[in-house]
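In: Generate a structure from the sequence data that follows.
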Amino acid sequence: MKISAKGNMYEATLEETRELFAPYLEGARSGTVCIVAMRALGDEARRALESSASALGYGHACCTYAILHPEGADGDAALDGQALFLLVEGLDPLVVIAADAVASRALGGAYRQDVPVDAPCRLFGRDAVAFASFESMLGDAQSKQAAWALLKKLPRFGER
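Out: Residues are numbered from 1 along each chain as shown. Okay, the predicted model is just below:
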């Protein structure tokens, strides 16, 4: 079967999505939480997101990371809006997190809606939150608390 990034969003199964977008994906194979970021997140940010997802009931090692510009990729290798939409819909996560403002804008373009930074929203029925820069919020205790407060706006697993 031919896999096309321009096809119907329902024709790509999870495995086909993982195969098609392998250079852009890291983390859990069938993550319930999809984290979109401009570049790969550092270990501290990943640990914080995994811990937060676990605290919200999504489980351990549940995060799949969608990287818009993978390390070593040139400008042409970046995910465009249509591809990002197909990637997220193919993964079919329960919640989506934009780790930075670039990811927030990319998701907004992909879903043709506003994805506000530092506020919760919905993407095609999924709960989502977006950060200006999650990694930079880990630098001090007050910012960490603000990040956790935003993450707590996502429903606990099983609430919706």
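In: Which of the three states applies to Lys115?
Out: For residue 115 the amino acid is Val, not Lys. Of the three states, Val115 takes coil under DSSP: H, G, I helix; E, B strand; the rest coil.
In: looking at it, it is touching Ala128, isn't it?
Out: Yes: counting by Cβ atoms under 8 Å, a contact exists between Val115 and Ala128, whose distance comes to 6.7 Å. In this view, the C-beta of every residue, glycine as well, is placed from N, C-alpha and C.
In: what helices or strands is the one helix or strand Ser136 maps to leaning on?
Out: When elements are defined using DSSP states H and E, Ser136 is found to belong to helix 134-137. On a contact count with 3 or more Cβ pairs under 8 Å, 6 or more residues apart in numbering; DSSP states H and E, helix 134-137 meets helix 43-55, helix 141-151.
In: Most tightly packed of these?
Out: Mean neighbour counts were taken over the helices and strands packed on helix 134-137 using mean count of other Cβ atoms under 10 Å, and the top value, a mean of 17, falls to helix 43-55.
In: and that one, what other elements does it pack with?
Out: For helix 43-55, the contact count by 3+ Cβ pairs under 8 Å, 6+ apart identifies strand 33-37, strand 63-67, helix 134-137, helix 141-151 as packing neighbours.
In: got the ones you listed as CSV, with mean pLDDT and distance to Arg47 columns?
Out: Compiled in CSV, the helices and strands packed on helix 43-55 are given as follows (pLDDT from 0 to 100; distance: least, Cβ to Cβ, whole Å):
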stretch, mean pLDDT, distance to Arg47
strand 33-37, 97, 12
strand 63-67, 97, 10
helix 134-137, 96, 12
helix 141-151, 96, 12
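In: Between those, which one is closest to Ser104.
Out: Proximity to Ser104 (Cβ to Cβ) singles out strand 33-37 among the helices and strands packed on helix 43-55, at 8.4 Å.
In: Need the contact partners of that closest one.
Out: Here strand 33-37 makes contact (Cβ atoms under 8 Å, 6 or more residues apart in numbering) with 27, 41, 49, 53, 58, 62-68, 84, 88, 91, 93-100, 103, 106-107, 134.
In: re the thing from before, for the helix holding Ser136, C-alpha coordinates in CSV please.
Out: Output of helix 134-137 as CSV, limited to C-alpha atoms (Å, rounded to 0.1, in the frame of the first residue of the first chain):
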residue,chain,number,x,y,z
PHE,A,134,9.0,24.7,28.4
GLU,A,135,12.8,24.1,28.7
SER,A,136,13.4,27.7,29.8
MET,A,137,10.7,27.4,32.5
